[in-house]
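**Student:** Give me a 3D structure for the following:
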Amino acid sequence: MRRAVLYLRVSTLDQTTANQERELREIAGRMGCEIVRVYKDHGISGTRGRDKRPAFDKLCRDAARREFDVVMAWSVDRLGRSLQDLVGFLSELHALKIDLFLHQQGLDTTTPAGKAMFQMMGVFAEFERAMIQERVRAGLARARDEGKRPGRPPIVPALEKRIREALATPGRPGVRVIAKQFGVHPGTVQRISRPFETSPVGAIAVQ
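**Tutor:** Next up is the predicted model:
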């Protein structure tokens, strides 16, 4: 019997995963799979990365140890909100020879049709990446044509001098504290701090 796990997620605390779990358990029984573990992220948005979804992160780590054969989820948006995220996850499972079942999309990579759908999703994910890159390049080109300078606007020399003096002060606070003190972005202070990175004042730690 194939070992299956369920991944369940709801975005708000007043929602429940009970309906997802009940139906997926019934499907697993019809597929001849044994549910060996259930992973639940409760009240967590699908836009969050893997590091912000503890149950999903645990699922990925257990997959790397080949602790199951099939991952079952209610819908693609339970796993993530972007096609690229889904295809990346699918690729990881594929490399580990673990299958994926998505109830609402009818995706079952244990079947030839499901494997073909996975390949098509990879094509569309590549198209999505290319479109995003093209939009970014077009936006930068348009900004240059309009005389705009990409990135954060430069600060006045007098303010930069004061920040340099603060950075050079022995026992100074961290970059974030200095940025708040002068009302600038921490990245601006980090850029100005580079000449001091190897000075005896100490490391430039963002605090």
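**Student:** State the mean pLDDT of whichever helix or strand Glu23 is part of.
**Tutor:** Secondary structure from DSSP states H and E places Glu23 in helix 18-31. When pLDDT is averaged along helix 18-31, the result is 94.
**Student:** Check which residues of it are buried.
**Tutor:** Gln20, Glu21, Leu24, Ala28 (16 or more other Cβ atoms under 10 Å). Quick note: C-beta positions are derived from backbone N, CA and C, even for glycine.
**Student:** Which one of these is nearest to Ile192?
**Tutor:** Using Cβ to Cβ, Gln20 comes nearest to Ile192 of those, at 50.6 Å.
**Student:** quick one: the residue lying farthest from the centre of the chain from Arg78, how far?
**Tutor:** Ranked by distance from the centre of the chain (Cα atoms, centre = their mean), the top residue is Ala158, with 39.5 Å. From Ala158 across to Arg78, the span is 53 Å (Cβ to Cβ, to the nearest Å).
**Student:** Contact partners for Lys40?
**Tutor:** By Cβ atoms under 8 Å, 6 or more residues apart in numbering, Lys40 lies in contact with Leu8, Arg9, Thr17, Ala55.
**Student:** Setting aside sequence neighbours, what's the nearest residue to the last one?
**Tutor:** The spatial neighbour of Ala55 that comes closest, neighbours along the chain excluded (Cβ to Cβ, 6 or more residues apart in numbering), is Tyr39 at 4.0 Å.
**Student:** now swap in the second one and tell me
**Tutor:** By the measure of Cβ to Cβ, 6+ apart, the closest residue to Arg9 outside its immediate chain neighbours is Asp41, 4.3 Å from it.
**Student:** Tell me how far the host helix or strand of Leu90 lies from the chain's centre.
**Tutor:** Element membership for Leu90, per DSSP H and E: helix 83-95. For helix 83-95, the separation from the chain centroid amounts to 12 Å (computed by Cα atoms, centre = their mean, to the nearest Å).
**Student:** Mind listing what's buried along it?
**Tutor:** Buried residues in helix 83-95, defined by neighbour count with 16+ other Cβ under 10 Å: Leu83, Asp85, Leu86, Val87, Phe89, Leu90, Leu93, His94.
**Student:** a markdown table for those residues, including distance to Arg162 and pLDDT?
**Tutor:** Below are the buried residues of helix 83-95 laid out as a markdown table (distance: Cβ to Cβ, whole Å; pLDDT from 0 to 100):
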| residue | distance to Arg162 | pLDDT |
| --- | --- | --- |
| Leu83 | 47 | 65 |
| Asp85 | 43 | 71 |
| Leu86 | 48 | 73 |
| Val87 | 48 | 74 |
| Phe89 | 48 | 82 |
| Leu90 | 52 | 80 |
| Leu93 | 53 | 86 |
| His94 | 55 | 82 |
